[in-house]
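> Make a model of this:
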Amino acid sequence: MNTSSEILARLAPFVGREVNYQGMRCTVLDLLSDPPVLVLRPADAAPVIQADNFGKPMRHAPQLYELPVFGPDGCSLSAEMRLVKLPEDPSPAGG
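Predicted coordinates:
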């Protein structure tokens, strides 16, 4: 069984790579560690209106998905992460 730190270490090489999430091509932008969150940006999504701290429309920005890596127990993958299809090889294309 993998520990949470092993799972995060296995996900780290996918930052900057393309994955599939719910049938959409997405780029992994970041892997945050506290709390563990995988940040995805859809490849072909139109920008959405981003609100400021007061809820007022501020600017157009790319849509992002912030997926919790672990479920409520803190050990198993979250339901959202189970929908992510990672490529077989995490090394950059052409590398």
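> now the helices: where do they sit in this protein?
Assignment of helices within the chain using DSSP state H yields the ranges 4-11.
> low-scoring pLDDT stretches of it, where are they?
Low-confidence segments of the chain, defined by pLDDT under 70, are located at 1, 89-95.
> how many neighbours does residue 25 have?
Residues near residue 25, counting by other CB atoms under 10 Å, number 13. Every C-beta, even on glycine, is put in place using the N, C-alpha and C of the backbone.
> Not counting its own residues, what contacts stretch 19-29?
Under the contact criterion CB atoms under 8 Å, 6 or more residues apart in numbering, stretch 19-29 has outside partners 14-18, 38-45, 64-65, 67, 83-87.
> rerun that using 10 Å as the cut-off
By CB atoms under 10 Å, 6 or more residues apart in numbering, the list of residues contacting stretch 19-29 from outside reads 11-18, 38-45, 62-67, 80-81, 83-87, 90.
> Just the buried residues from those, in PyMOL please.
Selecting only the buried entries of those in PyMOL, with 16 or more other CB atoms under 10 Å as the criterion:
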select buried, resi 11+14+17+38+39+40+42+65+67+80+81+84+86
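> Of the contacts of stretch 19-29, which belong to strands?
Per DSSP state E, strands hold the following members of these: 18, 38, 39, 40, 41, 42, 65, 66, 67, 84, 85.
> how close does the residue lying closest to residue 8 once chain neighbours are set aside sit to residue 23?
Counting by CB to CB, 6 or more residues apart in numbering, residue 36 is the residue found nearest to residue 8 once chain neighbours are left out, at 6.0 Å. Here residue 36 is placed at a distance of 24 Å from residue 23 (CB to CB, to the nearest Å).
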